[in-house]
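Trainee: Quick check, what structure comes out for this input:
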Amino acid sequence: AFLGQITTRAGYHLPGAIDGAGDQFADFPNGFAAIGGPDSIPGAGTGQILFFIGALEIFVMKDSANGAAPGDFVGDFRNG
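Mentor: Down below sits the predicted model:
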C-alpha cells in the first residue's frame, strides 16, 4: 500500500482502461479521494475490490498453510 501511494502520487498509473466505459486509471484521484471523493471510483468497483480482498482472506490466506499446525505460519513474527 505504501509503494502504491508513492508511485501514484509521483504520477505513475497503470495503462489502459479501468472499466468498460473507457475510464483510465489516471482519471481517478490518489489516496482516500479515490474511495470517497467527488471523482471517486464507482460504488460497484469499490464493492468488487472489497469482495476480492474478503475472498482472499477466507479462502487463500489461511493461518495454517501447507500442512502446518494451526497458528504456525512460516515467517510470522510470533514464531521467532
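Trainee: Pull out the buried residues from stretch 14-25.
Mentor: Using 16 or more other Cβ atoms under 10 Å as the test for burial, stretch 14-25 gives residue 18. Every residue, glycine included, has its C-beta placed from N, CA and C.
Trainee: now the end-to-end length of that stretch.
Mentor: Taking Cα to Cα, to the nearest Å, stretch 14-25 runs 6 Å from one end to the other.
Trainee: Of all the residues in the lengthiest helix in the chain, which ones are buried?
Mentor: Looking across the chain with DSSP state H, the single longest helix is helix 43-55. Residues of helix 43-55 classed as buried by neighbour count (16+ other Cβ under 10 Å): residue 45.
Trainee: Check which helices and strands that helix is in contact with.
Mentor: Using 3 or more Cβ pairs under 8 Å, 6 or more residues apart in numbering; DSSP states H and E, no helix or strand is in contact with helix 43-55.
Trainee: which other residues reach it?
Mentor: For helix 43-55, contacts defined as Cβ atoms under 8 Å, 6 or more residues apart in numbering pick out 18-19, 35, 40-41.
Trainee: In helices, which of the residues you listed appear?
Mentor: residue 35.
Trainee: Now do the same contact list for residue 14.
Mentor: Taking Cβ under 8 Å, 6+ apart, we find residue 14 in contact with residue 25.
Trainee: what about it, which SS state?
Mentor: Using DSSP: H, G, I helix; E, B strand; the rest coil, the secondary structure recorded for residue 14 is coil.
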